[in-house]
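# Curious how this folds, go ahead:
(one chain, ligands or ions: 3)
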Amino acid sequence: MSNNVIIFDTTLRDGEQSPGCAMSLAQKKRMAKALASLGVDVIEAGFAAASPDDFNAVASIARDIKGPTICALARCNDHDIREAGRALQEAEKKRIHVFIATSPLHREHKLKMTKEQVVTKAVAAVTLAKSFTADVEFSCEDALRTEKDFLAQVVEAAIAAGATTVNIPDTVGYTTPTEMFDTIHFLKTTVPNIKQAIISTHCHNDLGLAVANSLAAVEAGARQVECTLNGIGERAGNCALEEVVMAIKTRANHYGLDTGIRTEQILPSSRLLSAITGSVVPRNKAIIGDNAFAHASGIHQHGMLSHPETYEIMRPKSIGRIDTSLVLGKHSGRHALVDKIKELGFDTASEDIERIFADFKALADRKKHITDADIEALVFGQSSTGPWQLAQMQVTSGSGDTIASAAVVLVGPNGSEHREAATGDGPVDAAFKAIERAIGMEVHLEGLSVNSISEGIDAQGEAQVRVRYAGQNFHGRGTSTDIVAASVSAFMDVINRISRQMAKAS
Ligand SMILES: CC(=O)SCCNC(=O)CCNC(=O)[C@H](O)C(C)(C)COP(=O)(O)OP(=O)(O)OC[C@H]1O[C@@H](n2cnc3c(N)ncnc32)[C@H](O)[C@@H]1OP(=O)(O)O
Ligand SMILES: CC(C)C(=O)C(=O)O
Ligand SMILES: [Mg+2]
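Ligands and ions are numbered 1, 2, ... in the order given. Predicted structure coming up:
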C-alpha cells in the first residue's frame, strides 16, 4: 500500500456550503490558485449543476488551474453528471465525484428509494461519469450510519462499475475513531474488488472528531483524506486540512505516511481564506490560531528559551509562521523578560533586572498587552529609588463646579509617614501640591508633558516634568497607563533627585 495520503481539498465545495462562506468567482479562483500552490492533490471546485455561478467557477478553475486534479460533485442523475463533465472539459486532470446516500434514514425519508434502487442509481451514475473521465469517485453519503453489509454491497458495485476512488463519508459527524477504523477495515477485508480503488474518508466535525476519525481511517488503510482549510464546511465543519496534514507530518514516526503538502504555505493559505470569507479563526485553533505558537507563562517561556521542543511539537516555520512568540504578561518570569530586554538591544548586565522585573509585574497586573515600548519604558524607568516613596494617593476631579483634590501618603527618608491633602486646578496640580506639602518643599513647575509611548487603549503614558529649585533646573520622568499616575511618578522622580542632591551637598 502506498505511503502517500492524497489530500482532496473541498474548501470550495463543502467549505462553501457553510453558512457565511459563499465566495465569488474571483475569490474561488484566488483560493484555487493558493490550494494548487499549497500542493493539494485534488481540488473539489464545486457542484456544477447547482447554479450558473457554480458551473462557471468549476469551468474557470478547470481551465486555469494546473497541477491538481479538478473535481466536480454530482448527484446520481444524468443532468448533474453531464453538467459536471461539461464544466470540467478543459481541465488538465479531471475527476467527477458522484454520491448517493446509503443509510436507512436517508433512503427511506429523503430519497424514498429501496436498497436496490440506490445500487442501480450508483452504478448508472458511475458508468455515465466514466464516459467523461477515467477518474471517477463514488461516495456513500451517510456511510457510517449505513448497514455494514449494504455498505459493502454498494462499494463493490461502484468499483465494478469503474469507480477509482470510493469515499466513506461520516456525513453527520456521528462516528468515533474506533468505529471508523473498524468500518474501513471491514470494507478492506470484505469487498472482493476493494484493491481496485483508493479508499477515501470525508469526516464532519459535529462531535469535534473529524480529524481523529480521518486519522483512524488512514490507519485502517484509507489513502485519501477529504478536508478543508480552517475546517470550514457544513454545520460544525469538515476535517481541517492543516490539522490532518500536520498530524501526519509531525507523527510520521507513528503513521509512517506522507502528503504532498508544502506545509510552509498553510498559514498564508488559511489567512487568505479567512480574509475572503470574513470568518475569524479562533485564537486557540490548532496549527493556525494566534495562540498555537504563543507562550505566556514563565515556566513555559523558560523552557522554550532553553530548548524549543520543551513546549512545541512542531516549529512555527513549518506551517509558514515567522516565529514562536513569547508573550510577556502577568504570568511571565525573569528569563523571558531578560530575553526581551536583550532583544531590544539593552545590555542586561548593566540593568537593574530586579527593579525592572518588579515594575514589570506591577504593570502586567494593570495592563493586558505589554508591548516592546512598554518594556523600553520600564528599562528607562525612574533611576531614583528614594528617599521619598509614594505609598498612597487618591485624587478626585470632575467638570463644572467639582473641585479637584488629592490626598497623598508619603514615606520619608527614615520611614516616617507623611499625610497631606490639597486642592488644585485639576487632579495633577492638586497631587503636586499635596506632595510638596507632605515633604515641606516648594518647587517651581516649569513644564509638564504627557505622551503616549505604547499602543492601544491601555497604552503607557510617559510624563516629563521640569522644575526649578534653588536656582537649578531638574527633570523627572514617569510612566503609567494612567496619565495622573504618570505625572505624579515624574514629580516624585524630580523631588527625589532634588532630595538626593541636597543630601549629597550637606
Ligand atoms: C452531503 C452533501 O454535502 S451533499 C451536497 C449538498 N450540496 C448542495 O445541496 C448544494 C447544491 N445544491 C443545490 O443547488 C440544489 O439542491 C440542487 C440544484 C442540486 C437541486 O435543487 P432541487 O432540484 O430544487 O432539489 P432539492 O435540493 O430541493 O432536493 C434535492 C433533490 O435531489 C434528490 N437527491 C438528493 N441526493 C441525491 C443523490 N445523491 N442522487 C440523486 N438524487 C438525489 C432528492 O431526493 C431531491 O429530489 P426531488 O426533488 O425529486 O425530491
Ligand atoms: C458529498 C459527500 C461526500 C459529502 O459532502 C458528505 O457526505 O458529507
Ligand atoms: Mg460533506
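
# make it CA atoms for all contacts and neighbour counts henceforth
Noted.

# mean confidence for the helix or strand A124 falls within?
Assessed by DSSP states H and E, A124 sits inside helix 115-130. The average pLDDT within helix 115-130 is 98.

# How about that helix, which residues are buried there?
Neighbour-count burial for helix 115-130 flags 115, 118-119, 121-130 (criterion: 16 or more other Cα atoms under 10 Å).

# Out of those residues, the closest to E455 would be?
A129 (58.9 Å; Cα to Cα).

# need the contact list for that closest one.
When contacts are counted by Cα atoms under 8 Å, 6 or more residues apart in numbering, A129 touches 81-82, 85, 96, 98, 136.

# swap in I199?
165-168, 221-224.

# one step back: among the contacts of A129, which ones are in strands?
96, 98, 136 (DSSP state E).

# beta partners for the second one?
Beta-bridge pairing for V98 (DSSP bridges): A74, F138.

# Compute the number of surrounding residues for the one residue in the stretch 151-300 of the chain that gets nearest to ligand 2.
Across the stretch 151-300 of the chain, the shortest distance to ligand 2 (Cα to the nearest ligand atom) belongs to T171, at 3.7 Å. The local packing of T171 (other Cα atoms under 10 Å) involves 21 other residues.

# Pick out the most distant pair among the contacts of A129.
Maximum pairwise distance among the contacts of A129 (Cα to Cα): 13.2 Å, between R82 and V136.

# do whichever strand or helix holds D53 and ligand 1 meet at all?
Element membership for D53 (DSSP H and E) is helix 52-64. No - against ligand 1, helix 52-64 shows no contacts by Cα under 6 Å from any ligand atom, the least distance being 8.8 Å.

# Give the other helices and strands that that helix contacts.
helix 25-38, strand 42-46, strand 69-75, helix 78-87 (3 or more Cα pairs under 8 Å, 6 or more residues apart in numbering; DSSP states H and E).

# Out of the ones you listed, flag the one nearest ligand 2.
Going by Cα to the nearest ligand atom, the one of those nearest ligand 2 is strand 69-75, 7.1 Å.

# got the buried residues for the closest one?
Those would be 69-75, for strand 69-75 by 16+ other Cα under 10 Å.

# do the same with stretch 79-96
Buried, per 16+ other Cα under 10 Å, within stretch 79-96: 80-85, 87-91, 93-96.

# what's next to stretch 491-498, contact-wise?
382, 384-390, 432, 465-467, 469, 474-478.

# and the spatially closest residue to E16 that is not a sequence neighbour, how many residues sit next to it?
Among residues not flanking E16 along the chain, A22 sits closest, at 5.2 Å (Cα to Cα, 6 or more residues apart in numbering). When neighbours are defined as other Cα under 10 Å, A22 has 16 of them.

# hmm, back to that, looking at the buried residues of helix 115-130, which is nearest S60?
A129 (20.0 Å).

# ok, longest helix in this protein?
helix 483-505 (DSSP state H).

# Could you pull out the buried residues of that helix?
Applying 16+ other Cα under 10 Å to helix 483-505 flags 483-500 as buried.

# Wait, T127 touches A161, no?
Yes - with contact defined as Cα atoms under 8 Å, T127 reaches A161; the gap is 5.8 Å.

# Which neighbours do these two have in common?
Counting by Cα under 8 Å, 6+ apart, nothing touches both T127 and A161.

# what's the average pLDDT for the one helix or strand D429 maps to?
Using DSSP H and E, D429 maps to helix 427-439. Helix 427-439 shows a mean pLDDT of 96.

# Who are the packing partners of it?
strand 389-396, strand 404-411, strand 417-424, helix 483-505.

# between it and strand 389-396, how big is the angle?
Calculated by axes from the mean of the first three to the mean of the last three Cα atoms, to 10 degrees, helix 427-439 forms an angle of 140 degrees with strand 389-396.

# now helix 427-439, how far from the centre of its chain.
Mean C-alpha position of helix 427-439 versus that of the full chain (Cα atoms, centre = their mean, to the nearest Å) differs by 48 Å.

# Equivalent analysis for stretch 354-370, please.
Distance of stretch 354-370 from the chain centroid (Cα atoms, centre = their mean) equals 26 Å.

# before we move on, what about stretch 446-466?
With Cα atoms, centre = their mean, you get 33 Å for stretch 446-466.

# Give the buried residues for that stretch.
Neighbour-count burial for stretch 446-466 [16+ other Cα under 10 Å]: 448, 450, 452-454, 458-466.

# In strands, which of those fall?
Judged by DSSP E, the buried residues of stretch 446-466 include 448, 450, 452, 461-466 as members of strands.

# Between these, which sits nearest A48?
Distances from A48 to these, taken by Cα to Cα, are shortest for S452, at 55.9 Å.

# if I look at the nearest residue to the closest one once chain neighbours are set aside, how far off is D493?
Closest residue to S452 in three dimensions, ignoring its sequence neighbours and counting by Cα to Cα, 6+ apart: G461, at 4.4 Å. Between G461 and D493 the computed distance is 15 Å (Cα to Cα, to the nearest Å).
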